[in-house]
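Q: Here's my sequence, what's the structure:
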Amino acid sequence: QVQLVESGGGLVQPGGSLRLSCATSGFTFSMYAMSWYRQAPGKEREWVASITTSGGSTFYADSVKGRFTFSRDNAKKTVYLQMNSLNTEDTAVYYCNRARGAGVPWPWGQGTQVTVSS
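A: Numbering: from 1, shown residues only. The predicted model follows:
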């Protein structure tokens, strides 16, 4: 079965950086575009970014464009989200899953908590 294991979150000051990882198993990773999503307290889960199967193209929500970088390693079946210039509005639990619009999401992982606070 599909498993998605996110990691790399933590507490960081405004302006800081974090690199999230999502290790996957249970599907042919290289055949699927992937996305990162996040859910802030009291809000619905929202799309953050997507990446194509090869990693050659990436797409970002306006709120993170220019600050976040999405990458993937098909050999390791892992996606990454480099987050720079973090601000308090980035505080959320971050999840990876199949790309937005590509079908019913797989069962969600536990996510990784990102807290941006001084």
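Q: for this protein, what spans make up the strands?
A: 3-7, 10-12, 18-25, 34-39, 46-51, 58-60, 68-73, 78-83, 92-98, 112-116 (DSSP state E).
Q: and Thr78, how many neighbours does it have?
A: 18 (other CB atoms under 10 Å). Using the backbone N, CA and C atoms, a C-beta is placed for each residue, glycine as well.
Q: Distance of it relative to Lys65?
A: 23 Å (CB to CB, to the nearest Å).
Q: Then Pro107?
A: 29 Å.
Q: Pull the contacting residues for the spatially most central residue of the chain.
A: Closest to where the C-alpha atoms of the chain average out (CA atoms, centre = their mean) is Trp36, at 2.9 Å. Neighbouring residues of Trp36 by CB atoms under 8 Å, 6 or more residues apart in numbering: Leu20, Cys22, Trp47, Val48, Ala49, Ser50, Phe70, Val79, Leu81, Tyr94, Tyr95, Cys96.
Q: change it to 6 Å
A: Val48, Ala49, Leu81, Cys96 (CB atoms under 6 Å, 6 or more residues apart in numbering).
Q: Most neighbours of all those residues, which one?
A: Of the contacts of Trp36, with other CB under 10 Å as the count, Cys96 tops at 30 neighbours.
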